[in-house]
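Peer 1: requesting a structural model of the entry that follows:
(chains A, B, C and D)
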4 protein chains.
Amino acid sequence: MKSSCDVAVIGGGVIGHSVAYQLAKRKIDVAVFESEKIGQKATRAAAGMLGAHSEVEEEDLFFKFSVDSQKMFLPLQQELLSISGIDIQYNREGMLKLVFSEKKKADLIGKTNGRQGQTWLSPDEVKACEPEVTSKALGALFFPDDGHVSPIALNQAFSKGAAKLGAAIHEHSPVMNIAKDGENFLLHTPNGKVSCAKVVVANGPWSHYFFQQLGLPNQVFPVKGECLSLKTSEKWLTKTIFFDHCYLVPKNDGRIIVGATMIHDEWSHSPTASGIQWLLEKAKEILPKISKAEFDTAWAGLRPQTSDGKPYIGYHPEDENLVFATGHYRNGILLSPVTGTMVRDLVEKRSFTSEYTEEFSIDRCRKLEVS
Amino acid sequence: MKSSCDVAVIGGGVIGHSVAYQLAKRKIDVAVFESEKIGQKATRAAAGMLGAHSEVEEEDLFFKFSVDSQKMFLPLQQELLSISGIDIQYNREGMLKLVFSEKKKADLIGKTNGRQGQTWLSPDEVKACEPEVTSKALGALFFPDDGHVSPIALNQAFSKGAAKLGAAIHEHSPVMNIAKDGENFLLHTPNGKVSCAKVVVANGPWSHYFFQQLGLPNQVFPVKGECLSLKTSEKWLTKTIFFDHCYLVPKNDGRIIVGATMIHDEWSHSPTASGIQWLLEKAKEILPKISKAEFDTAWAGLRPQTSDGKPYIGYHPEDENLVFATGHYRNGILLSPVTGTMVRDLVEKRSFTSEYTEEFSIDRCRKLEVS
Amino acid sequence: MKSSCDVAVIGGGVIGHSVAYQLAKRKIDVAVFESEKIGQKATRAAAGMLGAHSEVEEEDLFFKFSVDSQKMFLPLQQELLSISGIDIQYNREGMLKLVFSEKKKADLIGKTNGRQGQTWLSPDEVKACEPEVTSKALGALFFPDDGHVSPIALNQAFSKGAAKLGAAIHEHSPVMNIAKDGENFLLHTPNGKVSCAKVVVANGPWSHYFFQQLGLPNQVFPVKGECLSLKTSEKWLTKTIFFDHCYLVPKNDGRIIVGATMIHDEWSHSPTASGIQWLLEKAKEILPKISKAEFDTAWAGLRPQTSDGKPYIGYHPEDENLVFATGHYRNGILLSPVTGTMVRDLVEKRSFTSEYTEEFSIDRCRKLEVS
Amino acid sequence: MKSSCDVAVIGGGVIGHSVAYQLAKRKIDVAVFESEKIGQKATRAAAGMLGAHSEVEEEDLFFKFSVDSQKMFLPLQQELLSISGIDIQYNREGMLKLVFSEKKKADLIGKTNGRQGQTWLSPDEVKACEPEVTSKALGALFFPDDGHVSPIALNQAFSKGAAKLGAAIHEHSPVMNIAKDGENFLLHTPNGKVSCAKVVVANGPWSHYFFQQLGLPNQVFPVKGECLSLKTSEKWLTKTIFFDHCYLVPKNDGRIIVGATMIHDEWSHSPTASGIQWLLEKAKEILPKISKAEFDTAWAGLRPQTSDGKPYIGYHPEDENLVFATGHYRNGILLSPVTGTMVRDLVEKRSFTSEYTEEFSIDRCRKLEVS
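Peer 2: Okay, here's the model as predicted:
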């Protein structure tokens, strides 16, 4: 392990690696520090949905941020393929959000009426495009631009791409302490100390520890998400199906991923009997035929949640050499491209601001309390 | 592969290997032919319950056969450990058969009253020995002599033990055809022909093929059994729990095995979404706390069923050099020791009979039809 | 399992699946019968090299056949991606054949001088394009058109594509016997009999069994090939390197595959200590830095070899409803596209002939003996 | 995670778990903190040899300590089996230390002459007990009391046993900081703070970090050890074979473990191509037949080395509530029982001393420097 670098990124998930990739493209000497193996935590828990339109119901700045990020995937797919050789398996078949109550239907249509990138489908239209889906739905909102990628492939592509551009990727290298050392920071790890000019904290729920260590009141909570995958001999789904926080994502290799539970303040990485049972019940409601599918595997990961549901992306209030990029909750995969470029700009341009800097700022909580 | 042996055993599961082990102990030149890897089919599907008393409700010859076999496990454990170095993980904590209806209770107590090896436990007594088990049961029959082993370890111990005594074990060696060749048989396999004096057919539901090929009307059907295992940080169970064809087997390593579905005439080896869902529901009814357990893995295997529910163990009606040992259904692990010694006697002693030979004879169906 | 189909393909490797895919494209009712899991044998043993120019030294019909097949990969990649969603990971960086003796150099240059699709590189030119490769070579032949695919992905893409077009894929369904039944064939499998009008035998070294069963003297021998994969943090290779039957294939995910030993008449599927040791020594000679690479995994598979080194692709001499496609040895991946279309034509067009039919005919051996 | 405990043990390997088990037996409220999964690091790297006599050449205190520990395994096996249900697979077939030079032979015989627990075997005697071992050796020292256990099973048995007695085992819970908090310590972990009265630091090479953090100059270095396992169909070895830091350990399940390289100051957990190649070469020298064995798998782990080769087991020089138990290098499995009881005594009895306390004391280096 080199004893110094220009920018140290703490966290080897999709957020940390997207940041490292963007910095490496600018020829900045960047190193990623991952405490275990890369991509094993929130990144691994994800199904890889890119649901800018389906996950976000209000047309606010967060929605705009999501749409900005979603649009980056198409060029990114080519770019990452050519630099890393890894295909992120970008699927753009769209997403169906099933509706089962008149109230929800009125609500959804009202709220999103005329909004670009979505169409209301009647039960017959749902049947026409997804014949195996339950006929009990009153219809569905169709989001043609929402799709999915492989989270593991995306993380590997960012990581290989960054490495090829000169970044160092350190696995099994937890950062225990961020200490000031004159102008620089000294990162303490069990395998040595590393001096760096700037630090990006991007390790999901574990960022909580560094907020504390660096004197900030911000909180990041883990929310465990359990998932499972099923194999089908024929293709029973084309589009991603979404209903009541549960989704079915048809992968190209014939698997259907079913996710995800939300277990708050739970640090365990293991899927539980009750989580799997709930997912199987939900999946059967939506796609009755799925009960015949082959059970493949189950897993879980921890998503980083914040008190107001929005990520923290910004400078430490008293030190612009410390940048946070965490708290992306269920949207880490979707938001990774735009977070990468935004953090790159924060790192490169002292006191950088954009329309998003206030929205995701670290001290927004404090300001609320004061005002 | 040697081009000849004295006895060829077709099938590398626990029945075939028990037979091979007993023959090798008599210094007979025996070879096992397994089409894929040993112990992957019915043997792998089993949870390893030794339920002579709990699985068999009538005190008939089959019950006696089961009890005979169960008693062989204790000396076998020592014998196999010392010859193969493998511990079959024999657990003798007993089994509880939970009862939920008055009718079933009266029925069970009546039928088994005074029968040795079982006691009726009141709800309070059930609670006392298994505090985490549901309090909704009206009581339970307790079978102190019923326990369990590791099916994989048992099969490996028989296999290593047989090998050490001189048996040849051939994996990836399917027998395609059993042809008469003068006094001998010629087994056709894709990797060569093997000449042998005697053949034992012990390949579970696939035995059906050889009954046909050898001109017999006997049928063996596959019944798929799906299982799953869960991990718990504490020990929630001591004894095996049995209820409505579903069982929970607490293994020494902290796993609880939940089994098993019964899907008739199904040749697929894969667990399905509906099977896993059903097992999880059943397990929760019996042991509510299990919903917090870590989901470990799921699998399936094919059990060989016959028309009258009893195995076929005996000579081909027209050729005593052909012996069948198949159709053990859910009891293959339990019955493997006694099947091994019975087949050894059939092979060694021309026209051997015992109290069991008629009971499990190959032509018992024909006789029934004729009479 | 359906009890009949139009064409039955025996063997679920890359040859059988390519045939099934081409037949399904013609709307023919085709079923694949695989004895274990698809793609586990010769297909899995392969590194996926497409070495039409580098593997074949004579400019004969076999060379032409290889080049024809290699040219099919580019359109096939798109076609399979769009129908199956699976990317076969086609890499076209070219191949270097290293030369270490003056004799071999003269020989190679002489033989291939002016041949299209290859260039001689001096040691400096080798160093320029692959700086980590040993500088002990006297130069290398460069084959810009030779590349590689992922054999597993190719097999899955053919299989999923065929299934999507209506083919049935049966795993764990060994065919034990091909019997004549009037105009049709009756295939005996342990899970039932299947009637079909035509049969394609494509199960590699196991085809030997059906040649025998169908009265033909043709022989197919297994040649075990052992491989291993290594992981590197940086990219040490761009092109495939070839030397003395050993190759190093740089995969997109950062692995380097090293292959392959050739162990004749060996039916075991397991890599051995000596095979791994030999491969590691060879790899180190070619790419000294590789000794620092992370050891990933090792495996082996059986390649089907024939007496004259050429595959058998053609009609049974007495029955045009029986077609063989086997014996592709080390070239199964490369030759799968053209074998698929050639067998499709043999199946569709009674007495079909092309420039290749005689070359690969089943009775070419007999003819040689007679003449 | 509970917010307090009496004793916190940092490190979920075999040392930490042995300590936790002994403390839990005394009904002390103990919790283990493991940063990833238990038993994945030095513990996993070990082959499990118990080589008190063969590894230690001087009859000093360290030798006595080793022999004391080795004697504890027999009663421990029973004790752990009955409390945890896990068999540690204790093998007592003895060990052979092969000698290839006259000098080494004279040296070894001289040094160990008359020492109990060892015998000199001539080449013929070696041949008699291990016929497959190379006949090139000039003889061997035989250590009948040296054997081996399964390191994974031992660690699990300690862990399950401790848990059953009330200990808490926390995986994925790295301790980042040990802070004084009045009379107590406050352990900072990413998932919360834990208050405790006493701390045992037992996390192998990562202990180095806490020595530093707690103001001590002691150093613990990682030494990577690579291992591999091979499978044989027959039993080619009975005893463990030792030669030139390389060993072959015949496990009961038919595997032979070959270990281990020693790569200094290397933090990576991955086996390398050169390590595997070296091990295969060494293994072939000792047991020529091994080249035919099936290659199973390879792995690596980090062993904790100290400057004088002896472990640190003792109080922090200024704080008896802080105990270290680390630096066991290649002898962690062997020394785990006696380290467990020694640390238990250190924790329970303020200012406890024994004949070993000075030998393994934390400030022995400082004393050396001063004197």
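
Peer 1: how far away is the residue of the stretch 251-371 of chain A found nearest chain D from C:Cys227?
Peer 2: As assessed by Cβ to the nearest Cβ, chain D sits closest to A:Trp267 within the stretch 251-371 of chain A, at 4.4 Å. Yep, even glycine has a C-beta here, placed from its N, CA and C like the rest. Per Cβ to Cβ, to the nearest Å, A:Trp267 is found 40 Å from C:Cys227.

Peer 1: compare the two (neighbour count), which wins?
Peer 2: Neighbours were counted for A:Trp267 and for C:Cys227 using other Cβ atoms under 10 Å in any protein chain shown; C:Cys227 has more, 24 against 18.

Peer 1: once you drop chain neighbours, what's closest to that one?
Peer 2: C:Gly259 (4.0 Å; Cβ to Cβ, 6 or more residues apart in numbering or on different chains).

Peer 1: in the stretch 1-150 of chain A, which residue sits nearest chain B?
Peer 2: Residue nearest to chain B within the stretch 1-150 of chain A: A:Glu132 (13.5 Å; Cβ to the nearest Cβ).

Peer 1: how about the residues of chain A near chain D?
Peer 2: Proximity of chain A to chain D is confined to A:1, A:35-36, A:172-174, A:176-177, A:188-191, A:205-206, A:208-209, A:213, A:222, A:267-269 under the rule Cβ under 8 Å from any Cβ of the partner chain.

Peer 1: report the buried members of these.
Peer 2: For the residues of chain A next to chain D, a neighbour count by 16 or more other Cβ atoms under 10 Å in any protein chain shown gives the buried set as A:35-36, A:172-174, A:176-177, A:188-191, A:205-206, A:208-209, A:213, A:222, A:267-269.

Peer 1: looking at the residues you listed, which are in strands?
Peer 2: Taking DSSP state E as the definition of strands, those contribute A:Asn177, A:His188, A:Thr189, A:Pro222.

Peer 1: strands paired with the helix or strand A:Trp120 falls within, and their directions?
Peer 2: Taking DSSP states H and E as the definition, one finds A:Trp120 inside strand A:119-121. In the sheet, strand A:119-121 lines up against strand A:139-143 (antiparallel) (DSSP bridges).

Peer 1: tell me which other helices or strands the helix or strand just after the strand it pairs with touches.
Peer 2: Next helix or strand after strand A:139-143 toward the C-terminus (DSSP H and E): strand A:147-148. The helices and strands touching strand A:147-148, judged by 3 or more Cβ pairs under 8 Å, 6 or more residues apart in numbering or on different chains; DSSP states H and E, are strand A:49-50.

Peer 1: ok, now which ones touch A:Gly227?
Peer 2: Just to correct that, residue A:227 is Cys rather than Gly. Counting by Cβ atoms under 8 Å, 6 or more residues apart in numbering or on different chains, A:Cys227 touches A:Ala45, A:Ala47, A:Ile257, A:Val258, A:Gly259, A:Ala260, A:Pro271, A:Leu279, A:Ala298, A:Trp299, A:Ala300, A:Gly301.

Peer 1: confirm it sits in a strand?
Peer 2: Yes. The assignment for A:Cys227 (DSSP: H, G, I helix; E, B strand; the rest coil) places it in a strand.

Peer 1: got the confidence number for it?
Peer 2: We have a pLDDT of 95 for A:Cys227.

Peer 1: my guess is A:Pro304 contacts A:Gln219. True?
Peer 2: No. Taking contacts as Cβ atoms under 8 Å, A:Pro304 lies outside contact range of A:Gln219: 10.2 Å.

Peer 1: the two - which one has more neighbours?
Peer 2: Neighbours per residue (other Cβ under 10 Å) separate A:Pro304 from A:Gln219, with A:Pro304 holding more: 28 against 16.
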